Every structure is written in structure tokens, then in C-alpha cells.
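A.B. asks: Sequence and predicted structure are below.
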Amino acid sequence: MNKLYIGNLSPSVTAEDLKTLFGERKLPLAGQVLLKSGYAFVDFPDQNWAIKAIESLSGKVELHGKVIEVDYSVPKKLRSRKIQIRNIPPHLQWEVLDGLLAEYGTVENVEQVNTDTETAVVNVTYATKEQAKVAIEKLTGHQFEEYSFRVSYILDVDAVPPSPAPRSRRGGRQSRDQGAPQPSFSGSTGASRYKQHDFPLRMLVPTQFVGAIIGKEGLTIKNVTKQTQSKVDIHRKENAGAAEKPISIHSTAEGCSSACCMILEIMQKEADETKAADEIPLKILAHNSLVGRLIGKEGRNLKKIEQDTGTKITISSLQDLTIYNPERTITVKGSIGACCKAEVEIMKKLREGYENDIAAINQQTNLIPGLNVNALGIFSTGLSVLPPASGPRGAAMATTTGYSPFLQAPEQEVVYLFIPTQAVGALIGKKGQHIKQLARFAGASIKIAPAEGPEASERMVIITGPPEAQFKAQGRIFGKLKEENFFSPKEEVKLEAHIKVPSSAAGRVIGKGGKTVNELQNLTSAEVIVPRDQTPDENDEVFVKIIGHFFASQTAQRKIREIVQQVRQQEQKHQQ
């Protein structure tokens, strides 16, 4: 994906001219310049350099009297579902971008590209190449504030026909080199030894200590990776000029912890020798969607880790989160030994949260056939950008084939969701912009009912749409409330939702002696209440109340709908 096309070249341009141009701009080539008549091809070491070349040269540099064009080299037959969007404002929120992308088709995956540019870059995979084509046409030049989007096709590896396996000379045996793990940039053996989708430890280290961590000719970092059986990536090019740089450590939990301790010791030794600082804190980067689970109810988890390890732990503000920065910084202060103990406990909680989210996503996928949960973008800084749970090359996790009820005309459902009164303005947005984007993204009708009185603490949001639209709309609302600090960092967002069921099905939801409703609560972790002594409405329906966090509420809603469907089917049989 790092091969670039250089177009609109003057016939007098030579390969040396191009090499000189790239040299002057300090853009390192990874091979020779392939010059044709009026155009050329060049390779760059990685995607970051390729992006830098496109952004700094295309339409901006004149060579022999002609302004050159630079873009990814993607043959027409391989222009499929994947596009890259550049020059995105770094402060743009995920939900705004997701809503915009969804206007042109079904988005299967959005992957942020780490670059050292001031603006954000994302790679987007649409469900079909037709949708990707429309998105390129509509988004190219799209103006957001003073930023103008730049969009390109990028190579869709899944669309590349597989190359035939090389024939071996002796009964199909591989050569000795073929199956060997390849060295990575950091000097460790490739990550093939680890699970394809591991949960890395992400650290922030002061830029001044990066040289010491790497060591002369990379010997120090090679020693760390060898001793801890880890793959350590130091992202030196990220955030040029920043005071801190991120490090990603891929290994087992034990390997990550060992590498973390070694890096802390290296930094402390360097600090002592240079008298740069008295104590180096441990800084762990964690995705915002996992931080609530780490903190625990009323901060109990965090307090226990502090007490057990003798450390002081603080977490960066939610206000720092943008599309460019979906992670929060967990700062641990204490001795190196204490910080290492705290890292073990912190990562244990984060891993548990991640695994629970993946399990919940799988459960939701089974409950709603055809629903690609990983592509929904239900939280503006949450699950939409969690590491993919399965599938190669960031492919969406939960695609299904065959029959999907959403291809039929799905039944319209109505859910009454109650939100804090003070959150109404944030949900509506300036001139109604946010609620309109949300409705368009989810494919649902979203209305806010009038307040029941001047002192009402909650407002009712009426969401009308099929199951998939309900999932998207409710998920975004949960995420918005968390993002806007209507719930403290120490608590998960729990909301009350009401759904109507036929009065004839209410007894089935409760079950004999309350057995069914108790099983529902145990299965979903949501509180399910069927108020007694309700008077059915004009449609002979009554309310069921569901209180819980997002996945709990969704699972309970789906299970209750299943019970209602069973009751209806039985009634139809009796009528026949």
C-alpha cells in the first residue's frame, strides 16, 4: 500500500530529477524510480512516509513547468471497497465522522492511521465497491470548517487475487527460510508467535529517554525483546515535537509486564545519570471505553490497586479525547517495584473489560442476525475503535452470510429511553445538528418528548425503527452521555428504557413465580420490571421497564421481543 503514482510529468523529467526532489523533501524511497512516459512509480518504506509524500507534493510542486500529481498506485481492477481520507480536523468527534461516512453506504471498518501530520487520517472499508466509489466522489474536497478532505483509493488486499504457491523441487517441502519468523522493525522476531489479536500494553515515555531505551545500534531494545519474549514498537514518528512518545508492547501478560519493568529501570537509570528527574512515573494508555471498568463502582477498583501496591494513580480527563486521541492516560506514581505491581493489576482489569466487550459483541451478533456490531460505531470513542476481535487485516468481526431479516421489511420497534434533563441540549446539538446526524446514521426516528414538569429530572427520548436502527441509536446516546460527562468517570452509563408488549404476553415475561424475569435479569445483568396493576392502552399493550448499561439493556430488549414473538405465533396457531 506504499507504492505511489507520480502523474502529470513533463517529458523532460528524468528519474534523477525525481530522486533529487524526494531527497530535498527528505522523503526516503524504498527502491528505484520506475519512470514511464508522463508518469512514474515509487515505493516508500511505510504508509506514514507515503502519506507525507502525497500531502507535501501532490498539486503543490512544479517540475519542469508542470504541477505534479501524487497518489496511491491502485490499478483500476483493484479499486474496491477501501479508501483513505486525509486532512481530517484532529478535534473532529468520531460520531460526526461516522455519521458522515454512513451517508454513502454501510461502513464495515474504520481504522485510524498513526501519522505525524497535524490532521487525522483514516482508512475506511465499505460493504461494496459501489459505495466506496460514491464516497470518494462525495467526500473529495468535502469542507469541514477550514479543512478540505482529501480522499484516495487504497489497495484492498482482499480483492487481490491470490498468487499461486511456488512449486518446490522436492515433494512440496518449503525452503528453510519460507516458514521462519521474519524480523520486525523493533528487532524482535515477528508477532506470529502471539495471538493474532492480542491486547498490547501501551505506554507513554518522555521523548528524552527514547534514545536510552533503544540504545546504541538498537542493542538495548533488542535485549528487552529477547529477555521478555516481546515485540516492542517505539512510535518515534508520532506527534513530532511532543514531550512524550507511545510504546506498544505485544506479548503475553507476563511478557508485557517484564518489558514494562525493564523500560522503567532503563529510564530511571538514565534520569539518575543525567539528573533529569527524581522519579519517573509509569504512564499507561487505555482506550476510554475500558477505563470505567478499571475505575470500578465509586472508584473501588482503583483504590484497591493503590492500597495493594502503595502507588498513587490518576487518570486523564475525558475532555482530552478527540478522533485523533481515543485513549486516556493512567499515571502511576511510586517506586519502580510498586509501579510494576500496579501495571499487572491495571492491565488485568483492562484485559477483562476488553474480553467482556468482545463476548458482548458476539452475543449481540447472535441476537440480531446480519448485524455487523463492530462496524456500528455505537460509541463516539468506544467500541467502534476497539482493536478488531477477529479476522485478518482489521476486517470487521461479525459479518454473516445468507438470510438476514434486515433484507426483508423489518418490524418497526418503539423504545422509550429516559435521559437526564440536562443532557437534552447535548443530544440535540447546535440547531438540531447532532440529533439529525444521529437519526440519519441509525436510520431511525428520534424524538424528545416534552418535559412532564419544570422540575423533571429526566426526559423521554422516543426511538422508532427496526432492531438494527435501535441498536445504533441507543448505543450512540449511551456513548454521548458518557462523553459529555453526564455520568462520572467512576460509573457506567445506566439508563431506563421502556418497551411495550401485548398485555397477553406480560405474564410470559414474568413467568411462573417470577422465574422468567429472574432468569432474564441473571442472563442480561439488566433490571427488568413489569409493573403490576397496569391498565392496558388502546392497543392492549403494557410497559416493561429495563434498567442497565448498554449491552445489558440491548440483550434484555431482544430477549423480551423473542418472548412476545413466541406468544404471537402461538396465538396465530390457535386462531387457525
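C.D. replies: Arrived safely. Numbering: from 1, shown residues only.

A.B. asks: Going by C-alpha atoms from here, please, whenever you check contacts or count neighbours.
C.D. replies: OK.

A.B. asks: who's in contact with Ala497?
C.D. replies: Neighbour list for Ala497: 415-418, 545-547, 553 [criterion: C-alpha atoms under 8 Å, 6 or more residues apart in numbering].

A.B. asks: hang on, it is in a strand, isn't it?
C.D. replies: Yes: counting by DSSP: H, G, I helix; E, B strand; the rest coil, Ala497 is found in a strand.

A.B. asks: okay, now the nearest residue to it once chain neighbours are set aside: neighbour count?
C.D. replies: Excluding the flanking residues, the one nearest Ala497 by C-alpha to C-alpha, 6 or more residues apart in numbering is Leu417, at 4.4 Å. Number of residues near Leu417 (other C-alpha atoms under 10 Å) recorded here: 22.

A.B. asks: Equivalent analysis for Leu101, please.
C.D. replies: 19.

A.B. asks: In this structure the residue nearest to Ala497 contacts Glu496, no?
C.D. replies: Yes: counting by C-alpha atoms under 8 Å, Leu417 does reach Glu496; the two are 6.1 Å apart.

A.B. asks: What ranges does the stretch 1-150 of the chain have for its helices?
C.D. replies: 15-24, 47-57, 94-102, 129-139 (DSSP state H, counting those that start in this stretch).

A.B. asks: swap in the stretch 151-300 of the chain?
C.D. replies: 210-214, 219-228, 253-274, 288-295, 300-309.

A.B. asks: for these, which one sits closest to Ile330?
C.D. replies: Ile330 lies closest to helix 288-295 among these, at 9.0 Å (C-alpha to C-alpha).

A.B. asks: Can you give the distance of the closest one from its chain's centre?
C.D. replies: 15 Å (C-alpha atoms, centre = their mean, to the nearest Å).

A.B. asks: repeat for stretch 214-232
C.D. replies: On C-alpha atoms, centre = their mean, the centre of stretch 214-232 falls 29 Å from that of its chain.

A.B. asks: Same question for that stretch: list its buried residues.
C.D. replies: Within stretch 214-232, the residues that count as buried by 16 or more other C-alpha atoms under 10 Å are 214, 220-225, 228-232.

A.B. asks: With distance to Leu282 and pLDDT as new columns, can the residues you listed be given to me in TSV?
C.D. replies: Compiled in TSV, the buried residues of stretch 214-232 are given as follows (distance: C-alpha to C-alpha, whole Å; pLDDT from 0 to 100):
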residue	distance to Leu282	pLDDT
Ile214	18	91
Thr220	19	93
Ile221	18	91
Lys222	21	90
Asn223	21	92
Val224	17	93
Thr225	19	91
Thr228	18	91
Gln229	21	88
Ser230	19	88
Lys231	19	87
Val232	16	89
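
A.B. asks: rewinding a little: need the next SSE after the one helix or strand the residue nearest to Ala497 maps to, C-terminal direction.
C.D. replies: If you go by DSSP states H and E, Leu417 is part of strand 413-420. Per DSSP H and E, the first helix or strand lying C-terminal to strand 413-420 is helix 424-428.

A.B. asks: Which elements pack onto that next one?
C.D. replies: Helix 424-428 sits against helix 433-442, helix 467-483, with contacts defined as 3 or more C-alpha pairs under 8 Å, 6 or more residues apart in numbering; DSSP states H and E.

A.B. asks: Could you pull up the mean pLDDT of it?
C.D. replies: Across helix 424-428, the average pLDDT comes to 91.

A.B. asks: Also stretch 486-498?
C.D. replies: 82.

A.B. asks: Can you give me the neighbour number for the residue nearest to Asp272 when sequence neighbours are not counted?
C.D. replies: Leaving out its chain neighbours, the residue that sits closest to Asp272 by C-alpha to C-alpha, 6+ apart is Asp278, at 7.3 Å. Residues lying near Asp278 (other C-alpha under 10 Å) number 9.

A.B. asks: Would you check how far apart Leu27 and Glu62 are?
C.D. replies: 17 Å (C-alpha to C-alpha, to the nearest Å).

A.B. asks: next one: Ala40
C.D. replies: Counting by C-alpha to C-alpha, the gap from Ala40 to Glu62 is 15 Å.

A.B. asks: next one: Ala497
C.D. replies: Distance from Ala497 to Glu62, by C-alpha to C-alpha: 61 Å.

A.B. asks: quick one: which of Leu27 and Glu62 has more around it?
C.D. replies: Leu27 (18 against 15).

A.B. asks: Now do the contacts for that one.
C.D. replies: 49, 52-53.

A.B. asks: Out of the residues you listed, the closest to Glu352 would be?
C.D. replies: Trp49 (35.9 Å).

A.B. asks: Not counting its neighbours along the chain, what's nearest the closest one?
C.D. replies: Closest to Trp49 by C-alpha to C-alpha, 6+ apart is Leu27, at 6.9 Å.

A.B. asks: Could you do Val332 as well?
C.D. replies: Per C-alpha to C-alpha, 6+ apart, closest to Val332 is Ile313, 4.6 Å.

A.B. asks: Neighbours of the one you found, how many?
C.D. replies: 19.

A.B. asks: where does it fall, helix, sheet strand or coil?
C.D. replies: Under three-state DSSP, Ile313 comes out as strand.

A.B. asks: which ones are touching it?
C.D. replies: 302, 306, 330-333.

A.B. asks: Now for Glu270: which residues touch it?
C.D. replies: 209, 212.

A.B. asks: my bad, should have said Cys260
C.D. replies: Going by C-alpha under 8 Å, 6+ apart, the list of residues near Cys260 reads Cys340.

A.B. asks: Check the gap between it and Thr309 for me.
C.D. replies: For Cys260 relative to Thr309 (C-alpha to C-alpha), the value is 16 Å.
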